[in-house]
Each structure stands twice: as structure tokens, then as C-alpha cells.
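Asker: whatever this is, show me its structure:
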Amino acid sequence: MPVPAIGRYELDCVIEDCIVCDKCAKICPVNCIDIVAIKSPESIGETSDGTTKRIHAAKFDIDMAKCCFCGLCTTVCPTECLTMTSEYDHSTFTVAEMNFSFATMSVAEIAEAQSKLEADKQAKEAAKVAAQLAKQKDSPQPNEATTSEIVAPSKPKFSAFKKKEAEPISTPEIELS
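Answerer: Residues are numbered from 1 along each chain as shown. Purely as a prediction, here's the structure:
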């Protein structure tokens, strides 16, 4: 029997074109896509359509045992790296074989990417602190003559609340006839 050309079958990801935007994992109604992303301080390459890649895919797994074959993940993919193939036979002996891993990073490459990211964060934080210190040095320091002229704003004064004596409530008398 021929397989329909527009059928929804097994998912495939061309990881070289993936920009790790996480849109597919967010839209998946059954959470079968598991992504671990590591940001990069510099560009790490380009996709086939010319989009700049700035995030490493440390983990990109699709659990086809959970997949409901809705195709939502393929429609939101901006680089069209996630597609449905014509493969439809998912017969396996264990459920673990239904989990497809598309990430190509080794443990050493993941550790290196994480250390580069941490070093870049520390360098940016140090530059930020240095810029703040330089800004403080460039601003004029108040001397004793000007500090006496500076007056702190006064706080509003609240008088103690006085308890008012309750006035007796007068009720009109009702005549019953």
C-alpha cells in the first residue's frame, strides 16, 4: 500500500540547521521534545539558510513513544530543521529505543562551552564593576563646604491618632398604631 506524501510520521531534526530556539519544545502538547541549551558568547556558525547560530544544543532528544504526531513542532520551526519523514514503523523491543537523540556534542565539548560562558559572564561583570568605579571617580566628590549645604529631606510628621469619643446614636421613635 502506498504511503501518503503528506502523512505525519517519524520526526527528524537536522541539528546543523537548528538554532536551539526551543519553540518546538514549548509548543509540544505532550512534552516529547527535551532540549538543553548552552548560550555562546560569540557566533558558533550559520545554518543552511544563513541564520546565525549563538546557542549550543547540549541535548536535543525526541521521545517518539510520547509523540502524538500532531506536527505543531514542524510548523513553528523558524529554520525548518525539524521535519516529519515518511518512516512510520516504530516497532521496537524496548521503549528506550523510541528516544532519538540528535545532539552531537560530547561531554568534553559541553563542559568547554559552559566554562566559556561562565568566563564571559565573569568578564562582563568585571567590566561593569570597573565602569561603575570609573564613573564614581569622574563625578565630582563633595567637599566639606558643599556637604554642609546639603540638607536631607525631612520626613513627614504624623501626629498621634486621637481616639474620638463615640457620640450616642439617636434612633427615631416609632409609633405603633
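
Asker: every contact and neighbour count from this point should use C-alpha atoms.
Answerer: Will do.

Asker: how about R8, what does it touch?
Answerer: With contact taken as Cα atoms under 8 Å, 6 or more residues apart in numbering, R8 is in contact with F69, C70, G71, M84, T85, S86.

Asker: S101 touches D61, doesn't it?
Answerer: Yes. Using Cα atoms under 8 Å, S101 makes contact with D61 at a distance of 4.3 Å.

Asker: next, I6: secondary structure please.
Answerer: coil (DSSP: H, G, I helix; E, B strand; the rest coil).

Asker: going forward, count from 22.
Answerer: Got it, first residue is 22 now, which makes that one I27.

Asker: average pLDDT for the helix ranked longest in the chain?
Answerer: For the chain, the longest helix by residue count, based on DSSP state H, is helix 128-159. The average pLDDT for helix 128-159 rounds to 83.

Asker: I'd like to know which elements that helix is packed against.
Answerer: Other helices and strands packing on helix 128-159, by 3 or more Cα pairs under 8 Å, 6 or more residues apart in numbering; DSSP states H and E, are strand 54-60.

Asker: so what touches the strand it packs on?
Answerer: Residues from elsewhere that reach strand 54-60, judged by Cα under 8 Å, 6+ apart: 41, 43, 45-46, 75-84, 134-135, 138.
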